[in-house]
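1. Just need the structure, nothing else, for what follows:
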Amino acid sequence: MNHAKKRYYQILKDIPEYGENDVLLVNLISASMLAAIYLNLDNKPNIDTLADYYELSMNTNPIMKIFLKRSDQYTPKYHAHLKYQAEKSQKSDNPYTWRFTYHPGETLDSFDAIFDRCGIWYLMQTLGIPEATPALCRYDYGMTKLTNTDFSREQTLAGGGTVCDCHYKKRV
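-> Numbers count the residues shown, from 1 in each chain. A predicted model of the protein is given here:
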């Protein structure tokens, strides 16, 4: 873990500073931590094991648990914030951030976020470990369990798709 810690700091040092139009910094920091650990393993785990490890580490993180349980994605305020974030993301030229569009659902109980740039995908490609990306993508499903949300996706950038099409619907 000491080697991973040093690698983690080096990874962060190589990432350009986030600007006002960059979004999802916590996602990039978390991905950097997992990448540092993965890069220092002699025997690389399969994607399922890596995904399970990442989900467990994220879901047992007290700050993340509080954040997710308190986030109410189905309010006008949240939808307005998401729309603002999406518009902001369109102005970013930092490859380590996300660019997406927001699409409201028929009611406040659903929405779509369509990503055409993913900071994690770029980070993992840059580090030479693109095969690890699906383990992090899978966390979208684990995270939405904590927010009482049904999540679906047809494609991901890491899986060769043109976008990550994320669909959220409040579980009834």
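
2. only C-alpha atoms for contact and neighbour calcs from this point on.
-> Fine.

3. So residue 161 is in contact with residue 121, correct?
-> No. Using Cα atoms under 8 Å, residue 161 is not in contact with residue 121; the gap is 11.9 Å.

4. quick one: which of those two has more around it?
-> Each of residue 161 and residue 121 has its neighbours counted (other Cα atoms under 10 Å); residue 121 has more, 28 against 12.

5. residues touching the more buried one, list them.
-> Residues in contact with residue 121, defined by Cα atoms under 8 Å, 6 or more residues apart in numbering, are 130, 133, 157-158.

6. those helices in this protein, which residues are they?
-> Here the chain has its helices, by DSSP state H, at 2-14, 25-39, 47-59, 62-70, 76-89, 119-126, 133-137, 139-145.

7. any idea how far the residue nearest the centre of the chain is from residue 110?
-> For the chain, residue 27 is the residue whose C-alpha lies nearest the centre (Cα atoms, centre = their mean; 4.7 Å). To residue 110, residue 27 is 22 Å away according to Cα to Cα, to the nearest Å.

8. Over to residue 136?
-> From residue 136 to residue 110 the distance is 23 Å (Cα to Cα).

9. And residue 41, by the same measure?
-> 40 Å.

10. and if you look at residue 138?
-> Computed as Cα to Cα, the residue 138 to residue 110 distance reads 20 Å.
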